[in-house]
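**Student:** no FASTA, just this:
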């Protein structure tokens, strides 16, 4: 125990990358022993009580949490990377495996020899009874869609950390830092952010040609729809950090309120006539076929010539929409290969 390039990703390669990433984390993070009560134990251990503000209310955490429940996306990865395996995590019925665990998280937990957390359903309502049975010391949901009513209910069970701004809009590095604060490991959380930045910067250095090419990350969702993710949205942010240049036309589009994206409509597909690479995802193979058959979509030059990086692998889609200590090693090698194949089609 611890104190168009379509992709069907290789499980063995991904497990190897995750194992290597976990080893580096273990070497880099000293963390805090759960029963450490030494006063002034060091900046990585922080000091308690700690108060974390959010848009829904404050969470006052009296001592270092031992039993952690996570809701929303990405938080379980950071909790694990900081040395604690959560006792409960939100089920992922779309990007998860057949049991509902996100595969990069499951691999990390099993490799560490820890018990898998209990899965918590959140649709149509959060399974509060399951959370009660887990007896958490803290509930972490800084990247989630908690309502005020849900926050109040959960806060009656344990200190609950929600988002600092709008729902589902917490920056990836802020999310890591909030979790580090909640666990009394702010210094370690900063190290995780630095490690992620360094890993992605290394990709840019190793692939200098990426800087010569513009990109836009589009989303379609359904026939007739079209939108684009802004550069601060994780899907686009990870590509920028890997060295690609987001097309300036993206920033010119009005941002849809409450999101980090712009809803455009398929009639504006020609905005991307000069974009070198188009990134997108599909919910499944049938959706891919329908969307790519639309004349306006198919006429986007990058799509037409094959400079399209796309996938309907739901686990990869989910992982690449997050920037966490576990998702980056899960997606980055595949992404590099996909990008090279799209560049070759220019």
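**Tutor:** Structure's in. What do you need? All of these numbers come straight from a predicted model, not from anything done at the bench. Numbers count the residues shown, from 1 in each chain.
**Student:** Now do the contacts for residue 269.
**Tutor:** Contacts for residue 269 were tallied using Cβ atoms under 8 Å, 6 or more residues apart in numbering; they are 226, 296, 297, 299, 300. The way it works is simple: take the backbone N, C-alpha and C, and place the C-beta from them, glycine included.
**Student:** Would you mind measuring from the nearest residue to it once chain neighbours are set aside to residue 305?
**Tutor:** Nearest residue to residue 269, sequence neighbours excluded (Cβ to Cβ, 6 or more residues apart in numbering): residue 296, at 4.7 Å. Using Cβ to Cβ, to the nearest Å, residue 296 is found at 16 Å from residue 305.
**Student:** ok, these two, which is more surrounded?
**Tutor:** Neighbours per residue, other Cβ atoms under 10 Å: of residue 296 and residue 305, the larger number sits with residue 296, 14 against 11.
**Student:** could you say which helix or strand contains the more buried one?
**Tutor:** helix 295-298 (DSSP states H and E).
**Student:** Just checking the distance from whichever helix or strand comes after that helix to the centre of its chain.
**Tutor:** Sequence order places helix 301-305 as the next helix or strand after helix 295-298, per DSSP H and E. Distance of helix 301-305 from its chain centroid, counting by Cα atoms, centre = their mean, to the nearest Å, is 28 Å.
**Student:** Stretch 338-346 too?
**Tutor:** 24 Å.
**Student:** And for that stretch, what's in contact with it?
**Tutor:** Here stretch 338-346 has contacts from 5, 7, 207, 209-210, 213, 242, 244, 276-277, 302, 305-309, 311, using Cβ under 8 Å, 6+ apart.
**Student:** and it, what's its mean pLDDT?
**Tutor:** For stretch 338-346, the mean pLDDT works out to 98.
**Student:** So which bits of that stretch are buried?
**Tutor:** Under the neighbour-count criterion of 16 or more other Cβ atoms under 10 Å, stretch 338-346 has 338, 339, 341, 342, 343 buried.
**Student:** Tell me the one among these nearest to residue 218.
**Tutor:** residue 342 (13.5 Å; Cβ to Cβ).
**Student:** Now do the same for that closest one: helix, strand or coil?
**Tutor:** Three-state call for residue 342 (DSSP: H, G, I helix; E, B strand; the rest coil): helix.
**Student:** and it, how far is that from residue 84?
**Tutor:** 39 Å.
**Student:** circling back to that earlier point, filter the contacts of residue 269 down to the buried ones and express that as a ChimeraX selection.
**Tutor:** ChimeraX command restricting these to the buried ones, with burial defined by 16+ other Cβ under 10 Å:
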select :226,297,300
